[in-house]
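Engineer: Fold the following and give me the result.
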Amino acid sequence: MFIPVAPYVADLLKELPAEEVQAAIAAPMPAHSGRYLHWDKLQRLPAPEGLTSKQWWLKVKLARASERRRLPLTDTYGRSFGFTLPDVVLRHLHHVDQRCSGEIGMEKVVASEKEAERRFMVNSLMEEAIRSSQLEGATTSRVVAKEMLRSGRIPKGRGERMIANNYRALQFVQEELPGDLTPEAVLELHRIVTEGTLDNPDAAGRLQRPDEVRVAVFDRDDQERPAHRPPPAEELPQRMELLCRFANGADDSDQFVHPVVRAILLHFWLAYDHPFEDGNGRTARILFFWAMRKYGYWLAEYLPISRFIRKAPAQYERAFLETETDEGDTTYFLIHQLRVIEQAITDLDRYLQRKITEQSEMKRMLHDIEGLNGRQLVLLTHAAKNPDHTYTFAGHARSNRVTHETARADLGDLAERGFLIRRRRGRTYVFGVPDDLPERLRESGK
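Structural biologist: Below is the predicted model:
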């Protein structure tokens, strides 16, 4: 994907005649439907009357420069990155603030039953672990990957190992990552993400070294052409320190950075520095979830954003390239990621509404059956929708985060009631779904 470098303001001021510069400054700001256009797109549109494309671009860039907020992140030439807060960003942030507070009905689905809440969280972590790994090349199917994570079996091959590692890393963020980010914590996160998946196992959990060939990001459409060359390895320790200071809000005395903006820019920062031999994208996306959790956006833990990035990977790549080719303006990346978050929230909203309907139907069917706990109700709801699924003690324990003994009691009771069919497989048991489960449930409820 080729995106031309946008003309710098300083170069335009030198290139354009003085009268053209004055005309650009005096012209009213043309409307473009609230879009935050890069030079690559703007130059293809008809320029406003009386202006050339370069005059129009100069007008746009001068307006953005007056609102630009500086970041402590610099590019490979020492130039600062920055961002602006146009209406499109403010609108998205307002929606995320509103909807990540849980107003879309989460409590109706998961908050009333702790077992259901844990299962919903586990499923969300699985989904993000799978999609993020697939985005980076894992070819394992979603069905096989979920079966592996639920059963706890040893991963087969690099793709399954990537997914298992991602799942463990997301759990690490929830349960073990400290309140403040440290370089050591980022290295441990990377070690978890890449363990057993690198051609050079020694590269897991450490920054690239000056004596190594520095990684680069290559064009999706032309693997011979570098799309991004990260800063030298000699700078990485200091840049990692600065990244952690930014993540922790240590330099905010003069500037407020919206928490969602901070989380997205943390994602961008690590991806830009590309400090590791591999696994940079996965680590960056997991740091986004850490930051959202740190700043109270609890709903973000249920949002598998990588699924939406994977649907349009070229747009994800373009957001990075537009930033890098326009004087480090990270607003392009902010807009892209905010749209992805909103897509994920909307998708979750639809899912929850569907689940509310399903639960209402199942409640009508199960309300007269005595003695079932919340975990069993969730399992039966799942079984009614997935009649080909099989359940194991290990999978039930992992999905609900309960002991093996509790899982044995849950599944054994359901088999005794006739709601599951117990079969021996090797040295363990598996539990299948009867073909007539809905009828059995109705009969038991009478």
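Engineer: Would you mind measuring from the residue nearest to T52 when sequence neighbours are not counted to L58?
Structural biologist: Nearest residue to T52, sequence neighbours excluded (Cβ to Cβ, 6 or more residues apart in numbering): E20, at 7.4 Å. Every residue, glycine included, has its C-beta placed from N, CA and C. Between E20 and L58 the distance is 9 Å, computed by Cβ to Cβ, to the nearest Å.
Engineer: cool, G328 as well?
Structural biologist: In terms of Cβ to Cβ, G328 sits 18 Å off from L58.
Engineer: Please apply the same query to V89.
Structural biologist: Counting by Cβ to Cβ, the gap from V89 to L58 is 22 Å.
Engineer: Taking the centroid of this protein, which residue is nearest it?
Structural biologist: Compute the mean C-alpha point of the chain, and by Cα atoms, centre = their mean the closest residue is I305, 3.9 Å away.
Engineer: For that one, grab phi and psi.
Structural biologist: phi -60, psi -30 (degrees, to the nearest 10).
Engineer: in terms of contact, does it touch R339 like I think?
Structural biologist: No: taking Cβ atoms under 8 Å as the definition, I305 is not a contact partner of R339, at 10.5 Å.
Engineer: Which residue, neighbours along the chain excluded, lies closest to L243?
Structural biologist: Excluding its sequence neighbours, the residue lying closest to L243 (Cβ to Cβ, 6+ apart) is W269, at 5.3 Å.
Engineer: Does anything pack onto the helix or strand where that neighbour lies? Which helices or strands?
Structural biologist: Element membership for W269, per DSSP states H and E: helix 259-273. Under the contact criterion of 3 or more Cβ pairs under 8 Å, 6 or more residues apart in numbering; DSSP states H and E, helix 259-273 touches strand 69-74, strand 80-83, helix 87-99, helix 236-247, helix 280-294, helix 313-324, helix 331-366.
Engineer: hmm, back to that, same drill for V89 and L58, tell me which one is more crowded.
Structural biologist: A count of neighbours by other Cβ atoms under 10 Å puts L58 above the other of V89 and L58, at 25 against 19.
Engineer: and that one, what element?
Structural biologist: Per DSSP H and E: helix 53-67 holds L58.
Engineer: okay, the helices and strands packed on helix 259-273, which one's buried deepest?
Structural biologist: Of all the helices and strands packed on helix 259-273, helix 280-294 has the most neighbours on average by mean count of other Cβ atoms under 10 Å, namely a mean of 23.
Engineer: Now whichever helix or strand comes after that helix: average pLDDT?
Structural biologist: Beyond helix 280-294 in the direction of the C-terminus, DSSP H and E gives the next helix or strand as helix 305-311. What helix 305-311 shows for mean pLDDT is 85.
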